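S.K.: Sequence first, then the predicted structure, then my questions.
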Amino acid sequence: MKHKIQVAVVGAGHAGVEAALAAARLGLDTVLFTLSLDAVANMPCNPSIGGTAKGHLVYEIDALGGEMGRAADKVTLQSRTLNLGKGAAVHSKRIQADRRRYQEIMKHTLETTPNLHPLQAEIVGINTEPAEDGKRRVTAVVTSLGEVWECDAAIICTGTYLDSRIFVGDKNYAGGPDGMLPAASLTSSLAAAGLSLRRFKTGTPQRILRSSVDFSELEEQAGEEHITPYSYYTDEWQLNEIKQIPCHIVYTNEETHRIIKENITRSALYSGMIHGVGPRYCPSIEDKIVRFADKERHQLFLEPLGENTEEMYLQGFSTSLPPDVQDAMLRTLPGMKNAVITRYAYAIEYDCVDPTELYPTLEHKKVEGLFGAGQFNGTSGYEEAAAQGLVAGINAAMKLKGEDPLILRRSDGYIGTLIDDLVTKGTNEPYRMMTSRSEYRLLLRQDNADARLTPFGHRVGLIDDERYAAFEKKQKQIADEIDRLEHTFVGGDKLQNFLAGHDMPPANGLSLADLLRRPQLDYDDIAPLDTSRPSFASSVKSTVEASVKYAGYIDRQFAEVRRRERLEKMQLPESVDYNEIKGLRLEARQKLNAVRPMTVGQASRISGVSPADISVLLIWMGLK
């Protein structure tokens, strides 16, 4: 059987869902292929959304018109904002999600979206044909049942399923996450098309029966008092009506470590069976014991998987040790003496692509019309995957519609930083987003994600006029309130009494903005001096406060953005042979020819390209 479609999305994890929704909502005839429709948007690892820098990504996905934040709000079991003891730039929302409800919501969203056809089928081949400049062009995807789906663009979102293999102790077998089947046959087709593939690894801990845990021995971790939603579409008042479910903290101990050390050679990771590279920032428990031998204990989190299940997730206890060792080391933990394991921990290896072979649009440089997103591109995490899927879906649609692509700069958002890091620097391990990866993190706060990215979402067509009008109204409220604070002054006894009550030295007169800039005070603290204050949503207040408090630093970062924009606007010819440019060092020539940067700014961020090499490029461009 032959079919003709515009966009084929391979894989229905978090990347594939966002890619398919974006392409379909932009008017493209889209088919989303998945090994199992029961595993759509599955969370085989920790069912949480957000966290440090990851929460920023979820806000940005929503600002562009993606779906993750909207669904996450609907399935929130608990919400916490991390890093509140630090500055606003690193405040990051994280929710514990009901994994089955999240799947159900996402699956139903796919099923009810016009132009979108979810289909349970394994893709075993990508057909291509010769194109210009020695490239190839994607023409079709082929299923294991022999169906050929001709397409104009294909987006590979295979997650950890691509030729995946499960490891538990000395046992290993072909398999996908959560007992699912692997995508066993696609790798050879991708390699034949010219893609450079590599092998990565990740893992997950045991699931434990709630009734077998003694919670009296654990430290309870409650949710925050007020929940700010991820999505524009979520009613904040209704969200705060939910009854949050507590999580719990537990620590490993000397006995836990003894059992792990005595059995370390039985771990698939240390026996030499696993060859894939694992995530540095989310190591297995045996890896933690070896790498941090001086630590007496490691913090773990016991978290619910959903309202209608008794299974719980022990975050931080990921392992590939055999079942008997898993059982023994689990019982050494406080409250876990009688713990019952419902699913054993495992490690999983899978194939992925070298992301430096991708353009910032996430289209492959060697195969026109072939895009990649998520763990296929070498990342880890649901949020990183969803962000890439959204961008890949948008750009596949823009390409087929003949419109300008969406290329986000590092200063536009963490999505821009994520993609630029991947396509420019590459990664030798599963990449995880962190706030420290951005040089503009004071500009890229959670609270202003809509200000930064909603205009892009509106431009490409994922943000409708009604939502954009509401966005513009909110931005005017923020600007007007900042102006009011700057020009509203207080003085006299009222000010002196206020300052004395907060152990501050007296002052003759201050604007409300000057008061707000003091580190001891926040927007609510100065309310007694601000009797004419308008009523705003919490999202408006948080942006006003951050904008006023950090105004000087924000202006400095904007100046740095403007300084670097000159290099970002200088386009490099795609066909240039860097071996022909005299003055470039050998390493720079090799790296530039491999990455083929689109701009001088991107070239300046390639590892191995020095400032002197950039000067040579600028001189060469001036002479051209």
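M.R.: Structure received. Residues are numbered from 1 along each chain as shown.
S.K.: which residues sit against stretch 224-243?
M.R.: Taking Cβ atoms under 8 Å, 6 or more residues apart in numbering as the criterion, the residues outside stretch 224-243 that touch it are 49-50, 55, 58-59, 62-63, 68-70, 72-74, 76, 79-81, 93, 95, 450, 467, 470-471, 537-539, 542. In this view, the C-beta of every residue, glycine as well, is placed from N, C-alpha and C.
S.K.: I misspoke; the intended subject was stretch 519-527.
M.R.: Contacts for stretch 519-527 (Cβ under 8 Å, 6+ apart): 502, 504, 512, 515-516, 533, 541-542, 544-545.
S.K.: which other helices and strands contact the helix or strand bottoming out on mean pLDDT in the chain?
M.R.: Scoring the helices and strands of the chain by mean pLDDT, DSSP states H and E places helix 611-623 at the bottom, with a mean of 89. Where contact means 3 or more Cβ pairs under 8 Å, 6 or more residues apart in numbering; DSSP states H and E, helix 611-623 is packed against helix 600-604.
S.K.: helices or strands up against the helix it packs on?
M.R.: helix 551-568, helix 586-595, helix 611-623.
S.K.: rewinding a little: which ones among the contacts of stretch 519-527 lie within helices?
M.R.: Counting by DSSP state H, the contacts of stretch 519-527 place 512, 515-516, 541-542, 544-545 in helices.
S.K.: Show me the one of the helices and strands packed on helix 600-604 that comes nearest Asp324.
M.R.: Ranking these by proximity to Asp324 (Cβ to Cβ) places helix 586-595 first, at 46.8 Å.
S.K.: Among the ones in helices among the contacts of stretch 519-527, which one lies nearest to Ile606?
M.R.: For those, the nearest to Ile606 is Ser542 (36.4 Å; Cβ to Cβ).
S.K.: Give the helix, strand or coil label for the closest residue to the closest one other than its chain neighbours.
M.R.: Leaving aside its chain neighbours, Ser542 sits nearest to Asp447 (4.3 Å; criterion: Cβ to Cβ, 6 or more residues apart in numbering). Look at Asp447: counting by DSSP: H, G, I helix; E, B strand; the rest coil, its state is coil.
S.K.: mind checking how far Asp447 is from Leu64?
M.R.: 16 Å (Cβ to Cβ, to the nearest Å).
S.K.: So Val7 is in contact with Glu150, correct?
M.R.: No: with contacts counted by Cβ atoms under 8 Å, Val7 stays clear of Glu150, the gap being 11.6 Å.
S.K.: Any of the contacts of stretch 519-527 buried? List them.
M.R.: 512, 515-516, 533, 541-542, 544-545 (16 or more other Cβ atoms under 10 Å).
S.K.: follow-up on the earlier one: could the ones in helices among the contacts of stretch 519-527 go into JSON lines alongside distance to Asp404 and pLDDT?
M.R.: JSON lines is the format used below for the ones in helices among the contacts of stretch 519-527 (distance: Cβ to Cβ, whole Å; pLDDT from 0 to 100):
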{"residue": "Leu512", "distance to Asp404": "42", "pLDDT": "96"}
{"residue": "Leu515", "distance to Asp404": "45", "pLDDT": "95"}
{"residue": "Leu516", "distance to Asp404": "40", "pLDDT": "95"}
{"residue": "Lys541", "distance to Asp404": "35", "pLDDT": "93"}
{"residue": "Ser542", "distance to Asp404": "32", "pLDDT": "93"}
{"residue": "Val544", "distance to Asp404": "33", "pLDDT": "96"}
{"residue": "Glu545", "distance to Asp404": "35", "pLDDT": "95"}
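S.K.: And the residues you listed, which is closest to Phe215?
M.R.: Looking across the ones in helices among the contacts of stretch 519-527 and measuring by Cβ to Cβ, the closest to Phe215 is Ser542, at 33.7 Å.
S.K.: For this protein, give the helix that spans the most residues.
M.R.: helix 465-486.
S.K.: buried sites along that one?
M.R.: Under 16+ other Cβ under 10 Å, the buried positions of helix 465-486 are 467, 471, 474-475, 477-478, 481-482, 484-485.
S.K.: cool, stretch 106-115 as well?
M.R.: 106-107, 109-110, 113, 115.
S.K.: what does stretch 293-305 give?
M.R.: 298, 300-305.
S.K.: Stretch 224-240 now?
M.R.: For stretch 224-240, by 16+ other Cβ under 10 Å, it's 227-232, 234, 239.
S.K.: count of residues packed around the closest residue to Asn593 other than its chain neighbours?
M.R.: The shortest distance from Asn593 to any non-neighbouring residue, by Cβ to Cβ, 6+ apart, is to Tyr578 (5.0 Å). Tyr578 is flanked by 22 other residues according to other Cβ atoms under 10 Å.
S.K.: Could you say which one of the helices and strands packed on helix 600-604 comes nearest to Ala339?
M.R.: Nearest of those (Cβ to Cβ): helix 551-568, 47.9 Å.
S.K.: How much space separates the spatially most central residue of the chain from Leu57?
M.R.: Nearest to the geometric centre of the chain sits Glu384, at 2.3 Å (Cα atoms, centre = their mean). From Glu384 over to Leu57 the distance is 7 Å, taken as Cβ to Cβ.
S.K.: Need the residues touching each of the two.
M.R.: 418, 433.
S.K.: Can you show me the CA trace of stretch 17-35 as CSV?
M.R.: Taking Å, rounded to 0.1, in the frame of the first residue of the first chain, the C-alpha atoms of stretch 17-35 are listed here in CSV:
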residue,chain,number,x,y,z
VAL,A,17,3.7,14.7,20.3
GLU,A,18,4.8,18.4,20.1
ALA,A,19,6.2,17.9,16.5
ALA,A,20,3.0,16.3,15.2
LEU,A,21,0.7,18.9,17.0
ALA,A,22,2.7,21.8,15.6
ALA,A,23,2.8,20.6,12.1
ALA,A,24,-0.9,19.7,12.1
ARG,A,25,-2.0,22.9,13.7
LEU,A,26,0.0,24.8,11.0
GLY,A,27,-2.2,23.1,8.4
LEU,A,28,0.0,20.2,7.3
ASP,A,29,-1.4,16.7,6.6
THR,A,30,0.5,14.8,9.4
VAL,A,31,0.8,11.2,10.4
LEU,A,32,2.3,10.3,13.8
PHE,A,33,3.7,6.8,13.9
THR,A,34,4.2,5.0,17.2
LEU,A,35,5.1,1.5,18.3
